[in-house]
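A.B. asks: pasting the sequence and the predicted coordinates here, then a few questions.
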Amino acid sequence: MKNITKIVDTFGREHNYLRISLTERCNLRCFYCMPEEGVALREKSCFMTSEEVIEIAQQFVDLGVTKIRLTGGEPLIKKDIDNILIQLSKLPVELGITTNGVLVDQHINTFKEAGIKSVNVSLDSLKEERFNSISRRNYFKRIRSNIDLLIKNEFNVKVNVVLIKGVNDDEIVDFIDWTVSNPLQVRFIEFMPFDGNKWNWDNMVPRKRILEIAEKAYGEKHIIKVKDRANDTTANYRLFNSVGSFGIISSMSNPFCDTCNRIRLTADGKIRNCLFSNSEIDLLASLRKNQDLKPIILESILNKKKQRGGLKDFEKAQFTQNENRSMVTIGG
Ligand code: SAM
Ligand code: SF4
């Protein structure tokens, strides 16, 4: 297909940001993301090889993608991750990674070599016992020290915190306090429903509530709204005296669909044009048949719905029959 340089949907949204999931597997078992027993293992051949990841990424770049973020599952457990990072760094894109932080110390030199500036680390509690219980593993100390290591090495560090009522919502102020003297951005993420993760509207902490708690603790006038970047999914704030900042990702209560520029590629090579949509297109199968991927990518984006995957009456939905894959198999 000729003369196509951009991935634009029927609502005029240009998609220049690709999130690639490198694996469905993970060395943690965060209860809101992953079943305790892990995900069912599938044949290795179901998943993209490193070469296929690079090949597909290149095709997206040809269609105007300028930003790639690696995610998972846990991207740092992918065999060959260092090579993937180095190969992707040769593309004209801003490269980032979202990780649980456990293995950061083993790959930080590659991050530097690959020119990565931004590393997102998930940490849902500042209390060791609580974090280990949420993640069903015992890596708290290691993750905390790896966050410090990233800051020391001048990476732009964002800490993702999925807030769940009665689990960690009493730590909102502790997390914001952390940004006072540390150059990091804490991002509170509204809990989202995925396959079997016990989500309901009552245990989701909405943006409004997070701000109320912050305003009560610090006083409204001490919280400064930071200008959000174009296509930013985070509403950003900082305390008047802080080095770092905090933000809120309100996928549930206040979605950012109007400016969505994201495409997701799952570890098994399927394109998902929206986190809330179940429809997927199998890019990997087409690649293996030597088909031209570009029309397939464009078709997927042309099917993208205006908001939240086209779900009707979203605010009233209970997601009880939620057939959405678990986050770990989509790639957060
Ligand atoms: N393992 C890496 C990590 O934890 O950062 C990358 C993959 S993880 C699926 C990506 C992000 O999705 C994490 O920040 C995680 O907290 C978030 N996430 C997972 N399940 C979620 C849910 N049910 N609601 C909201 N965010 C979720
Ligand atoms: Fe693993 Fe990240 Fe999911 Fe936690 S949130 S289980 S670290 S993929």
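C.D. replies: Nice, I can see it. Numbering: from 1, shown residues only. Ligands and ions are numbered 1, 2, ... in the order given.

A.B. asks: pretty sure R187 contacts S251?
C.D. replies: No. Shown here, R187 and S251 do not form a contact pair, counting by C-beta atoms under 8 Å, at 11.5 Å. Quick note: C-beta positions are derived from backbone N, CA and C, even for glycine.

A.B. asks: neighbour count for those two, which is higher?
C.D. replies: Neighbour tally, R187 and S251, criterion other C-beta atoms under 10 Å: the higher count belongs to R187, 22 against 18.

A.B. asks: doesn't that one fall inside a helix?
C.D. replies: No. Counting by DSSP: H, G, I helix; E, B strand; the rest coil, R187 is not found in a helix; it is strand.

A.B. asks: how about the contacts made by it?
C.D. replies: 120, 158-161, 234, 246-249 (C-beta atoms under 8 Å, 6 or more residues apart in numbering).

A.B. asks: and with 10 Å instead?
C.D. replies: Neighbour list for R187: 120, 122, 158-162, 175, 233-236, 245-249 [criterion: C-beta atoms under 10 Å, 6 or more residues apart in numbering].

A.B. asks: which residues of the stretch 1-150 of the chain lie near ligand 1?
C.D. replies: Contact residues, the stretch 1-150 of the chain versus ligand 1 (C-beta under 6 Å from any ligand atom): 26, 32-33, 71-72, 74, 98-100, 122.

A.B. asks: and the furthest pair within those residues?
C.D. replies: Y32 and T99 (17.0 Å; C-beta to C-beta).

A.B. asks: more neighbours, the two?
C.D. replies: For Y32 versus T99, the count of surrounding residues by other C-beta under 10 Å is larger for T99: 25 against 20.

A.B. asks: show me the helices in the stretch 51-200 of the chain, by range?
C.D. replies: Secondary structure of the stretch 51-200 of the chain, counting by DSSP state H, counting those that start in this stretch: helices at 81-89, 104-113, 128-135, 140-152, 172-178.

A.B. asks: quick one: closest of the ones you listed to K198.
C.D. replies: Closest of those to K198 is helix 128-135, at 12.7 Å (criterion: C-beta to C-beta).

A.B. asks: which elements pack onto that closest one?
C.D. replies: The contact analysis (3 or more C-beta pairs under 10 Å, 6 or more residues apart in numbering; DSSP states H and E) places helix 128-135 against helix 140-152.

A.B. asks: leaving out sequence neighbours, find the closest residue to C26.
C.D. replies: E74 (4.3 Å; C-beta to C-beta, 6 or more residues apart in numbering).

A.B. asks: hang on, the one you found packs against V39?
C.D. replies: No. E74 is not in contact with V39 according to C-beta atoms under 10 Å; the separation is 11.8 Å.

A.B. asks: relative to S286, how far out is I297?
C.D. replies: Between I297 and S286 the distance is 10 Å, computed by C-beta to C-beta, to the nearest Å.

A.B. asks: more crowded one of these two?
C.D. replies: Using other C-beta under 10 Å as the criterion, I297 and S286 rank with I297 on top: 27 against 17.

A.B. asks: picking up where we left off before, between the residues of the stretch 1-150 of the chain next to ligand 1, which sits nearest L293?
C.D. replies: Once C-beta to C-beta is applied, the member of those that ends up nearest L293 is T71, at 20.4 Å.
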